[in-house]
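Q: One predicted model, sequence on top.
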2 protein chains.
Amino acid sequence: MATMTLGEFDLIARYFTRTPRRAALGVGDDCALIGPLPAGQQLAVSSDMLVEGRHFLSTVAPDRLGHKALAVNLSDLAACGAEPIAFTLALAMPRVEEAFLDGFARGLFALADEHGIDLVGGDTTAGPLNICITVFGAVPGGQALLRSGARAGDALWVSGALGDARLALEVFRGTVALAGGAFDSVRRRMECPTPRVALGQALRGLATSAIDLSDGLVGDLGHVLARSGVGATVNADALPMSAALASMPRALQYECMLAGGDDYELLFSAPPTAAREVMAAAEKCGVAVARIGRVEATPGLRIVDDAGALLAQRFTAFDHFRAAP
Amino acid sequence: MATMTLGEFDLIARYFTRTPRRAALGVGDDCALIGPLPAGQQLAVSSDMLVEGRHFLSTVAPDRLGHKALAVNLSDLAACGAEPIAFTLALAMPRVEEAFLDGFARGLFALADEHGIDLVGGDTTAGPLNICITVFGAVPGGQALLRSGARAGDALWVSGALGDARLALEVFRGTVALAGGAFDSVRRRMECPTPRVALGQALRGLATSAIDLSDGLVGDLGHVLARSGVGATVNADALPMSAALASMPRALQYECMLAGGDDYELLFSAPPTAAREVMAAAEKCGVAVARIGRVEATPGLRIVDDAGALLAQRFTAFDHFRAAP
């Protein structure tokens, strides 16, 4: 790729300055100004940092990386049931590469436009590639979905399908082979996750707790159980998977769906009596949801198969300090 | 330093989880929740990314780095006249080092406590050292200080003293020698800048424009002039400096004060009739201010000496892609 001699300010002007639609003041002053929000609305904030070799591979196309950097943050807003408003981008790059920036900005703004949100500020600097996006959303006061609300007796649900991102990673690692079309499909799931923003908002008032699946079902459900002071049983054979993953050995399916990470689906709890409403809300949002287990008073997480037998396989959460992707 | 085997979640819990005072929900859920803000208040947001070798030297003490990472962001809020509310921290580190984290958190929280603000969320990951803080403030709607408000006839002011951070850098580079006490003093100015948060708020309704000095006076004033569609004359001999810098050759003084960077003082414009009020506001905040020039209709920046003669020396803004610190 051609290396240019654009300075920091030219760079900001060229790739990242657009007229804000909703924020009062956009890129280029000391601060961005947002709001005032409608009365009674709270601001939901999430910040994620993406590092090469940890959160993405060097082989990812720049537009997909731009998409993913925003998507993983929108996924956090979705898990809170918040409506996205705006975001900031801080970007460290070893050098200014036009082809990278052009693609990155294209993928980033395509997803931003899909959700009607503005890039309102940020920072660019030279340094090892690092992408830090902070995203802002609005949620009616007291109505945010939290990790702490799961209650014994609730049903556990997940959106979409699990494990594809991990399956793609295994192909990159060379432990598994997949035919072209299937590989493209799971690779897209890894590189271009779809944040479940509409579903998150539709679940306000229905779900008792929610989290987005970024570190794998076992790890993320563990956070919900700890925060809520409850336990759960999950039926591994009820977990939704793609056709690509369905063609793999059972042990790998379990590993990908239970400990895979990078799914960016929503895991949520809701009273069994709300099942019909949950399914109606999901259908309205065009997202599949599957009932995968139940919240219980007994602490701990039990993973069983369709026959009710405890799974012997062990699963651990993805940890950004312990494992390379 | 001892390398520990803390995982990502242990790390967050151990060093960065404190009970929030003002935010509704702090570290540990998918999003932090802030507000609702009082009616009519806008949210001011700023995000800065610090990279080793660009924004700080490897020799900096961890507590000073923690301080500086937050200070440079608070300085942006100050330049908008906003009251700090909360911040997020995204941190990439090559490995988990207890001594580093302990010092970093200590410096960070000491400054946060000084301003009564909470760490409400963020991210930690393995990767080359990178610190990205996003800070949130509140400002009455329409009252934020912007870069675009300078008008011909306004006086130009700066807070504090300029050039010390650059002088310290020159000592590290070996181009200048300084005695111990003087070096400690300018090094502290480089590593531990004081954001002018109270002054920024006190200038609301008085200043017509403001910016914080991070890239050097010439470069930062250039942004104000461009945004405001005006020019200016600055008297280089009216620029405030420390005793340490005053002991240096004149050409180096000019270079440090006009193109130094990392000052984190406020540069602002105000009508000449407001001079007394500006000085009273600064005194109330315990910060010195100096009148350094005037805004003019003629485009461009003219730097003169006490005799009114144009300076021949050329000054350029610090650019994080072109220069190492």
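A: Ah, there it is.

Q: Longest helix of chain A, counting residues only.
A: Longest helix in chain A, counting residues (DSSP state H): helix A:62-80.

Q: give me every residue that touches the spatially most central residue of chain A.
A: Centroid-nearest residue in chain A, with CA atoms, centre = their mean: A:Tyr264, separated by 3.3 Å. Neighbouring residues of A:Tyr264 by CB atoms under 8 Å, 6 or more residues apart in numbering or on different chains: A:71-72, A:75, A:193-196, A:212-214. In short, each C-beta sits where N, CA and C put it, glycine included.

Q: okay, now the residue nearest to it when sequence neighbours are not counted: neighbour count?
A: The shortest distance from A:Tyr264 to any non-neighbouring residue, by CB to CB, 6 or more residues apart in numbering or on different chains, is to A:Pro193 (3.8 Å). Neighbour count of A:Pro193, defined by other CB atoms under 10 Å in any protein chain shown: 25.

Q: Pretty sure A:Pro193 sits against A:Leu65.
A: No: counting by CB atoms under 8 Å, A:Pro193 stays clear of A:Leu65, with 11.9 Å between them.

Q: intersection of neighbour lists for these two?
A: In contact with both A:Pro193 and A:Leu65: no residue, using CB under 8 Å, 6+ apart.

Q: residue ranges of the helices in chain A, please?
A: Counting by DSSP H, one finds helices in chain A at the ranges A:8-16, A:62-80, A:98-114, A:164-173, A:180-191, A:197-202, A:217-228, A:243-246, A:250-259, A:275-284.

Q: Lowest average confidence across the ones you listed, which one?
A: Here the lowest mean pLDDT among the helices of chain A goes to helix A:8-16, at a mean of 66.

Q: care to break chain A down by domain?
A: Taking automatic domain parsing as the domain assignment, the ranges for chain A are A:8-140, A:147-304.

Q: quick revisit: for the contacts of A:Tyr264, which ChimeraX command selects only the ones that are buried?
A: Remark: buried members of the contacts of A:Tyr264, expressed as a ChimeraX selection using 16 or more other CB atoms under 10 Å in any protein chain shown:
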select /A:71,72,75,193,194,195,196,212,213,214
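
Q: For the contacts of A:Tyr264, give me a markdown table that also has distance to B:Phe104.
A: Formatted as a markdown table, the contacts of A:Tyr264 follow (distance: CB to CB, whole Å):
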| residue | distance to B:Phe104 |
| --- | --- |
| A:Ala71 | 29 |
| A:Val72 | 25 |
| A:Ser75 | 28 |
| A:Pro193 | 31 |
| A:Thr194 | 36 |
| A:Pro195 | 31 |
| A:Arg196 | 35 |
| A:Asp212 | 28 |
| A:Leu213 | 30 |
| A:Ser214 | 25 |
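
Q: closest to chain B among the contacts of A:Tyr264?
A: When those are compared for distance to chain B (CB to the nearest CB), A:Asp212 wins out at 6.0 Å.

Q: which residues touch that closest one?
A: Counting by CB under 8 Å, 6+ apart, A:Asp212 has contacts A:75-76, A:78-79, A:195-196, A:220, A:264-267, B:30.
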